[in-house]
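Student: attaching a predicted model along with its sequence, questions to come.
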Protein chains: 2
Amino acid sequence: MSAGRIAILGAGAMGSALATPLRAAGWEVALWGTWLDDHLLAAARAGDPHPRTDVRVADGVELFDSGDLEQALDGADLAVLAVASVGVLDVAGRALDGLVRARAVLLTSKGFSPDASGRVRLLPEALRDLASERGVELPPVVAVGGPCKANEVAAGRFTASIFGCADRSVAEEAAGSIRTDAYRAAVTDDEAGVEICAPMKNVYAIALGLADGLQERDDEPYHDLKAATFARALQEMVVLSAMVGARPETAMGLAGAGDLEVTGLSGRNKVYGSRIGRGETPSEALDAMAAAEQTVEGVPAAKLARDLVDQRDAGAWNDLPLLRAVLAILDDDPDPVARVAEAVLP
Amino acid sequence: MSAGRIAILGAGAMGSALATPLRAAGWEVALWGTWLDDHLLAAARAGDPHPRTDVRVADGVELFDSGDLEQALDGADLAVLAVASVGVLDVAGRALDGLVRARAVLLTSKGFSPDASGRVRLLPEALRDLASERGVELPPVVAVGGPCKANEVAAGRFTASIFGCADRSVAEEAAGSIRTDAYRAAVTDDEAGVEICAPMKNVYAIALGLADGLQERDDEPYHDLKAATFARALQEMVVLSAMVGARPETAMGLAGAGDLEVTGLSGRNKVYGSRIGRGETPSEALDAMAAAEQTVEGVPAAKLARDLVDQRDAGAWNDLPLLRAVLAILDDDPDPVARVAEAVLP
């Protein structure tokens, strides 16, 4: 696959950021904004920095408003789904005709999606179910994961992502056609492995943040606790991977360890955890972040992960003490620090 | 093994720090200082904070000067070797009679040790060779690893270590007898796995520090690069583990991922890497740190790791691009950032 035309659906942080390596790799880029993205497109049209990444959208990107979805997808060799995970099925449904014509759908949206009966699915499965209900078949889905902060991708700084597709050759072609000096994608056929790590790293970043909050509270490092939490989170990502048929090495690589590392360095989930570590109750902290329009993706992901475990392998709960601790904290456990410490200490 | 009498050889940061959980767990603790530790013992006797941890040595610890090694070891059920890795064989040789009488030797010193012919060994093997040359046999060696910053252990903050002993029951007994609310040890029979990770995390922390230095230089985060470096380092620790007969899960747990995480958060190896990231040449940076009496353990460890790979499995060099990059940097490669980026990007 050489560079052709690509339609990015979702003009938020990651959608707009990917335009940087795509343009650098020679792609024609159509960037479509949802009905919530008007102000983001307006900033791009004005040549201002993108409000979410603080970086200007790459030169030469064609911008499409929410009403112009068909035009955005017209002639696209590849499509990227980069909308917030709550909106991904809605957008995919509207875009289905165009998606079906693409050679592959790259999925940067991440999360769990329950079906009508409440069964928790990974997003690629949810997308395929959606297409199937409409009597069409999606092209291969490429799960895009790994440690990729949108602002760094947008700024053209070094980034190692990972593309997971059941048809490995599709992931390889896509990775090859988007390669730049700064942006590279590793390749795996373990689509489910890439998908399960992405929401779980947000869940575990809450626990990582706790140690940072303790440090802020006491002005003393809690690095040993943070590192023990990191190691425990990684072990649990392997347990959860097995539950969805994924391989442990995916969790141990860029998709798991790499993404957990970057998520523990910054981001809203970590900030939420650090507020709790500083002493706010989990509810207070969540309210404060909601007031600042900061969604904490790890919170709904944790609850869906609970359903996933209950549905797929409830016997594995013994091997998931840190997930249990995070869930207890979200239920306003009176001693979050003790819960996390008990979960991560041998 | 219930709490009895333990002799800690080496009154530096980690030796003195371990007195905190040991005393809390009910052990009689003899802390012996080497001929380089007089000022450390003097501070302890004066009730001042330990100069390396900034925490007072735990109450009730008996302090022994370098000339009183036999007295320190007298009646010790366990011995801890906690001297700097360059001095560990020297001290072990002097202490051999006492070590042989102990039920186990806990080893917190970490590093590689070449034998007379230049063959690179892990420290437990070097210790056993030393005993064997003297016609005696050491008790089981327990490799102590995992994310344990001495200042946090000393202060009694949460710490998850890992005890590795070929005789797993010995590691279990030791871990059980030193357990406190804050300090816990996981247990493995993979002694070599715990041993190989410890010096290698110092090597890879230099590379992790590079990203921090770039961030300081540019006032922009390089988190994606740091996370990609982390994931790559973890992969390479698995490769190196195989080389010494260790298991991958040890590198993926507290001994590898956990210790790499904590070492990437702070410490001299990371600081050395960050100086290089800020633009100092590797030689300048090393000189500056030497002038401040800050040894960078990752530097000699990297060179011994090179010998280890050459000796054990030179075919594995293809799978060790980050180790090669660190070695090139130590040889004053003109573009350290490009070297690391090429090594860690797919």
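Tutor: Yep, that arrived. If you're wondering where the values come from, they're calculated on a predicted model, not measured in any experiment.
Student: CA atoms for contacts and neighbours, from now on please.
Tutor: OK.
Student: do a quick rundown of the helices in the stretch 1-150 of chain A.
Tutor: Secondary structure of the stretch 1-150 of chain A (DSSP state H, counting those that start in this stretch): helices at A:13-24, A:38-45, A:69-73, A:88-94, A:96-101, A:123-133, A:150-154.
Student: nearest to chain B, of those helices?
Tutor: helix A:150-154 (7.1 Å; Cα to the nearest Cα).
Student: show me what that closest one is packed against.
Tutor: In terms of contacts (3 or more Cα pairs under 8 Å, 6 or more residues apart in numbering or on different chains; DSSP states H and E), helix A:150-154 is packed against helix A:13-24.
Student: which other helices and strands contact the helix it packs on?
Tutor: Here helix A:13-24 touches strand A:5-9, strand A:28-32, helix A:150-154, going by 3+ Cα pairs under 8 Å, 6+ apart.
Student: keeping just the C-alphas, turn the first one into PDB.
Tutor: Taking only C-alpha atoms (Å, rounded to 0.1, in the frame of the first residue of the first chain), the coordinates of strand A:5-9 have been written out as PDB:
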ATOM      1  CA  ARG A   5      -6.200   9.100   0.200                       C
ATOM      2  CA  ILE A   6      -7.200   8.700   3.800                       C
ATOM      3  CA  ALA A   7     -10.200   9.900   5.700                       C
ATOM      4  CA  ILE A   8      -9.900  10.600   9.400                       C
ATOM      5  CA  LEU A   9     -13.200  10.600  11.200                       C
END
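Student: now it and helix A:13-24, what's the angle there?
Tutor: Calculated by axes from the mean of the first three to the mean of the last three Cα atoms, to 10 degrees, strand A:5-9 forms an angle of 170 degrees with helix A:13-24.
Student: okay, now the sheet partners of strand A:5-9, with direction.
Tutor: strand A:28-32 (parallel), strand A:78-81 (parallel) (DSSP bridges).
Student: angle of the longest one against helix A:38-45?
Tutor: Put plainly, it is strand A:28-32. Strand A:28-32 runs at 150 degrees relative to helix A:38-45, counting by the same axes, to 10 degrees.
Student: now strand A:28-32: how far from the chain's centre is it?
Tutor: Averaging C-alpha positions (Cα atoms, centre = their mean, to the nearest Å) puts strand A:28-32 20 Å from its chain's average.
Student: I'd like the distance between the residue nearest the centre of chain A and residue B:343.
Tutor: The centroid of chain A falls nearest to residue A:110 when counting by Cα atoms, centre = their mean (3.9 Å). With distances taken as Cα to Cα, to the nearest Å, residue A:110 is found 28 Å from residue B:343.
Student: ok, residue A:307 next?
Tutor: Distance, residue A:307 to residue B:343, using Cα to Cα: 39 Å.
Student: so between those two, which is more surrounded?
Tutor: Taking neighbours as other Cα atoms under 10 Å in any protein chain shown, residue A:307 and residue B:343 compare with residue B:343 leading, 19 against 16.
Student: hang on, residue A:171 packs against residue A:188?
Tutor: Yes - counting by Cα atoms under 8 Å, residue A:171 touches residue A:188, with 7.2 Å between them.
Student: what residues do those two have in common as contacts?
Tutor: Common contact partners of residue A:171 and residue A:188 (Cα atoms under 8 Å, 6 or more residues apart in numbering or on different chains): A:163, A:164, A:165.
Student: how about the contacts made by the first one?
Tutor: For residue A:163, the residues meeting the contact criterion (Cα under 8 Å, 6+ apart) are A:142-145, A:171-172, A:175, A:185-188, A:191, A:194.
Student: neighbour-wise, which of those leads?
Tutor: Neighbour tally across these (other Cα under 10 Å): the maximum, 32 neighbours, falls on residue A:142.
Student: now for it: which residues touch it?
Tutor: Each residue near residue A:142 by Cα under 8 Å, 6+ apart is listed here: A:104, A:105, A:106, A:107, A:163, A:164, A:165, A:170, A:171, A:191.
Student: how close does it get to residue A:108?
Tutor: Distance from residue A:142 to residue A:108, by Cα to Cα: 9 Å.
Student: which single one of the shared contacts of residue A:171 and residue A:188 is nearest to chain B?
Tutor: Among these, residue A:163 lies closest to chain B (Cα to the nearest Cα), at 10.9 Å.
Student: SS state for the closest one?
Tutor: Secondary structure, DSSP: H, G, I helix; E, B strand; the rest coil: residue A:163 is strand.
Student: check residue A:166 too.
Tutor: coil.
Student: OK, contacts around it?
Tutor: Neighbours of residue A:166 in contact, by Cα under 8 Å, 6+ apart: A:140, A:189, A:190, A:191.
Student: residue A:201 too?
Tutor: By Cα under 8 Å, 6+ apart, the contact set of residue A:201 is A:256, A:259, A:260, A:263, A:298.
Student: residues of chain A that sit close to chain B?
Tutor: Neighbours of chain B within chain A, by Cα under 8 Å from any Cα of the partner chain: A:147-149, A:152, A:157-160, A:183-186, A:221-228, A:230-232, A:234-235, A:252-254, A:257-259, A:261-262, A:265, A:341, A:344-346.
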